[in-house]
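1. here is a sequence together with a model predicted from it:
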Amino acid sequence: MDKNLITAERRKERLDRGIKVRTEGIYAVSSWQEVTYLVLPRLILIVGLLLLPLLIPSLYWKRVVSIAAIYALLALGFDFLAHFVGLVSLGGAFFIGVGGYTAALLNKSLGLPPVFTIPMATIGGAIICTLLLLPVLPLRGVYFAIVTLMYPLALMRIIEALNIFGGTDGILGVAGFTNRWIEQYLIILIVIFASFGLRRLVNEDIGLVFRGVKDNDQSVRASGLSITLYKAIAVFIASGLGSLGGAYLAHIYMWSGISQFALDFSVIPIAATVIGGGGTLVGPLLGCFFLVPISEWLREFGTLRIVFYSVILMAFIMFRSEGIMVYAQRKYHQFQRWVKV
Amino acid sequence: MSGEDILQVKDVCKTFGGVQALLNVSFNVQEGEVFGIIGPNGSGKTTLINCITGFIKMDSGKVLYQGENISNRTPNKIANLGLTRTFQIMRPYYSLPAYKNLVIPLFSPRARRTGGWRGGGKLGDRGTVAIDILEEIGFERDSFVPYKLASSLPTGYLKRLELARCLALRPDVILCDEVFSGLSMSEIASMVPLIEKLQMDGITLVMIEHRLRELFRVASRVMVLNFGEKLTEGIPEEVMQDEKVKEAYLGSEKLLDYTFEG
């Protein structure tokens, strides 16, 4: 008899672990086992990310880790907007491009070093993106997605047609990082802080307002809160993360060009969210560290790359559509055993 | 009852395409009273509330709240003035626990400004204040109910949650859109004292209702709408004697006996 078969005599029983039940919302920790139970997954993530560059010998793959971290910032922003604010954003390319060009222009025209350009491009890029997206924020539905997709395409053509910001050549000679290890670890630390920070944020009071906007925006208005304002704050946060990634990218490659508006930046974060598990924040992050290296590795197959890539995505959508993290969290938080009916 | 008009609605008109939803509807609500709005289905009651609270832009007319013209302001601004509403079809945040539903209104500028035990701030965090409000509105404090996801709550609790969301804003006026609808007789019986308690707390209530018997227990004045037009206004007994109302709303005289039985 198939051991996974559920029959009239027996069925699977799933029970939440006691600690999970008690810590839903409040933290009541009473023993080392429980502390370990809570801390271990977080610790594995942090230590794993920090060890990653040390474990990888080749410079090429170390660079891939940095790129994956930049995608992870976008994926965190996407997951935050989609699952906690209810805005489906295709704006990865928009945020990266604005951040990249802002950093490059600040560096080239004002001669500012990365230590200033990256924070300035983060804030400045977030302001630019939020202002440009402001007109669609009061609307519900697909409009936000459409407009976030439209901007990178439009900006790319504008730069091309008007031959501004270096035109199709882009801005060359942007200052790079002076130290390779700073370049490597700064972005990883940023990703760790962003993921834990965002998760903290969505459980704070203002995070509940964001989730309220997703759940029932009319109710938020009836509660005396402007949905446009809170959507704008959320877009500011997500586009800030994206612009930060863009600025970082410009300094890593010492170049900023129209390929930073490439749709890869919009699409891969969404794929990573599908694979990693939407609404978990850490899932999309892991999804990026899974997808980006695979996408690099598949380069060997030339044009077949996209085919393999699609097959992997299809497999996930068909067999684990909830995503890795949602599945893993469930398994971690629950016992499972056979019981006689 | 102080007798001052807290809410004045003047000649509100609204059309949806060719449908005249509201035509020159005017009424005044006095501070501290319970004002009922009744009428057959589709007579424009909910549209009227939507117009007053800014959820729908009215075509013409004026809404004065505490002497201030609030016509066509955004709903959040109106709610922040203390003119709150419930929704007929409940609009809780289904993915949040019941008490976290209240953290959102407690986060509003009005609740933060007025402070106090309902507004949060000095008396513990918003979650604690939310539990206090829920207890006041009939959620058992020591049970699991306030901590349950709103999606798992029965209708009776969701209706209370609607009122609780208004209370979290420390309102002066609550526009109740059919708080009794969809409830069982025993649930309604337990809601009526709640409404009376709100009134005693000095909150002005405007109630849209189909449950006339319960409404007449609490309402001091009633307005009747039919096809977007105001038929009459007055104390419940007088209104129900009105020939136009009998014809439009009740259809037959027999219903009158039903209304006042018991």
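-> Great, that's in hand.
2. looking at chain A, which helix or strand is least sure?
-> Within chain A, no helix or strand scores below helix A:18-23, which has a mean of 57 by mean pLDDT, DSSP states H and E.
3. for the helix or strand just after that helix, C-alpha coordinates in PDB please.
-> Per DSSP states H and E, the first helix or strand lying C-terminal to helix A:18-23 is helix A:32-55. What follows is helix A:32-55, C-alpha atoms only, in PDB (Å, rounded to 0.1, in the frame of the first residue of the first chain):
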ATOM      1  CA  TRP A  32      16.600  27.500  25.400                       C
ATOM      2  CA  GLN A  33      15.000  25.100  23.100                       C
ATOM      3  CA  GLU A  34      12.400  27.700  22.300                       C
ATOM      4  CA  VAL A  35      14.900  30.500  21.800                       C
ATOM      5  CA  THR A  36      16.900  28.200  19.500                       C
ATOM      6  CA  TYR A  37      13.700  27.300  17.700                       C
ATOM      7  CA  LEU A  38      13.000  31.000  17.000                       C
ATOM      8  CA  VAL A  39      16.600  32.200  16.400                       C
ATOM      9  CA  LEU A  40      18.000  29.300  14.400                       C
ATOM     10  CA  PRO A  41      16.300  30.000  11.000                       C
ATOM     11  CA  ARG A  42      17.200  33.700  11.200                       C
ATOM     12  CA  LEU A  43      20.800  32.800  12.200                       C
ATOM     13  CA  ILE A  44      21.100  30.400   9.300                       C
ATOM     14  CA  LEU A  45      20.000  33.100   6.900                       C
ATOM     15  CA  ILE A  46      22.400  35.800   8.300                       C
ATOM     16  CA  VAL A  47      25.400  33.500   8.600                       C
ATOM     17  CA  GLY A  48      24.700  31.900   5.300                       C
ATOM     18  CA  LEU A  49      24.600  35.200   3.500                       C
ATOM     19  CA  LEU A  50      27.700  36.400   5.200                       C
ATOM     20  CA  LEU A  51      29.700  33.300   4.500                       C
ATOM     21  CA  LEU A  52      28.600  33.100   0.800                       C
ATOM     22  CA  PRO A  53      31.400  35.400  -0.600                       C
ATOM     23  CA  LEU A  54      34.000  33.500   1.500                       C
ATOM     24  CA  LEU A  55      32.900  30.100   0.200                       C
END
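4. in helix A:32-55, what counts as buried?
-> For helix A:32-55, a neighbour-count test (16 or more other C-beta atoms under 10 Å in any protein chain shown) marks A:34, A:37, A:45, A:49, A:52-53 as buried. For glycine as for every other residue, the C-beta is placed from the backbone atoms N, C-alpha and C.
5. which parts of chain A are helices?
-> Assigned by DSSP state H, the helices in chain A fall at A:18-23, A:32-55, A:59-80, A:92-110, A:114-133, A:143-162, A:180-203, A:205-215, A:217-222, A:227-253, A:264-276, A:282-297, A:305-319, A:324-333.
6. typo on my end, the stretch 1-150 of chain B
-> Assignment of helices within the stretch 1-150 of chain B using DSSP state H, counting those that start in this stretch yields the ranges B:45-52, B:75-80, B:98-106, B:109-114, B:116-119, B:126-136.
7. which of the ones you listed sits most buried?
-> helix B:98-106 (a mean of 29; mean count of other C-beta atoms under 10 Å in any protein chain shown).
8. let me know the pLDDT of the residue nearest to residue A:290 when sequence neighbours are not counted.
-> Counting by C-beta to C-beta, 6 or more residues apart in numbering or on different chains, residue A:275 is the residue found nearest to residue A:290 once chain neighbours are left out, at 6.3 Å. Note for residue A:275: predicted pLDDT of 90.
9. rewinding a little: hey, least reliable of the helices of the stretch 1-150 of chain B by pLDDT?
-> helix B:116-119 (a mean of 45).
10. any figure for the gap between the residue positioned nearest the centre of chain A and residue A:88?
-> Nearest residue to the geometric centre of chain A (C-alpha atoms, centre = their mean): residue A:75, 1.8 Å. For residue A:75, the distance to residue A:88 (C-beta to C-beta, to the nearest Å) stands at 14 Å.
11. please apply the same query to residue A:151.
-> Taking C-beta to C-beta, one finds residue A:151 at 15 Å from residue A:88.
12. cool, and residue B:209?
-> Residue B:209 is 40 Å from residue A:88, by C-beta to C-beta.
13. and those two? Which one has more around it.
-> Looking at residue B:209 and residue A:88 with other C-beta atoms under 10 Å in any protein chain shown, you find the greater number of neighbours at residue B:209, namely 23 against 17.
14. quick check, pLDDT for the spatially closest residue to that one that is not a sequence neighbour.
-> Nearest non-adjacent residue to residue B:209, counting by C-beta to C-beta, 6+ apart: residue B:215, 4.0 Å away. Confidence at residue B:215, expressed as pLDDT, is 90.
15. secondary structure element for residue B:215?
-> Residue-wise, residue B:215 maps onto helix B:212-218 under DSSP H and E.
16. and that helix, C-alpha only, in CSV?
-> Coordinates of each C-alpha in helix B:212-218 appear next as CSV, following Å, rounded to 0.1, in the frame of the first residue of the first chain:
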residue,chain,number,x,y,z
LEU,B,212,-38.3,49.2,12.1
ARG,B,213,-39.3,47.9,15.5
GLU,B,214,-35.8,48.1,16.8
LEU,B,215,-35.1,51.4,15.1
PHE,B,216,-38.2,53.0,16.7
ARG,B,217,-37.1,51.9,20.1
VAL,B,218,-34.1,54.2,19.8
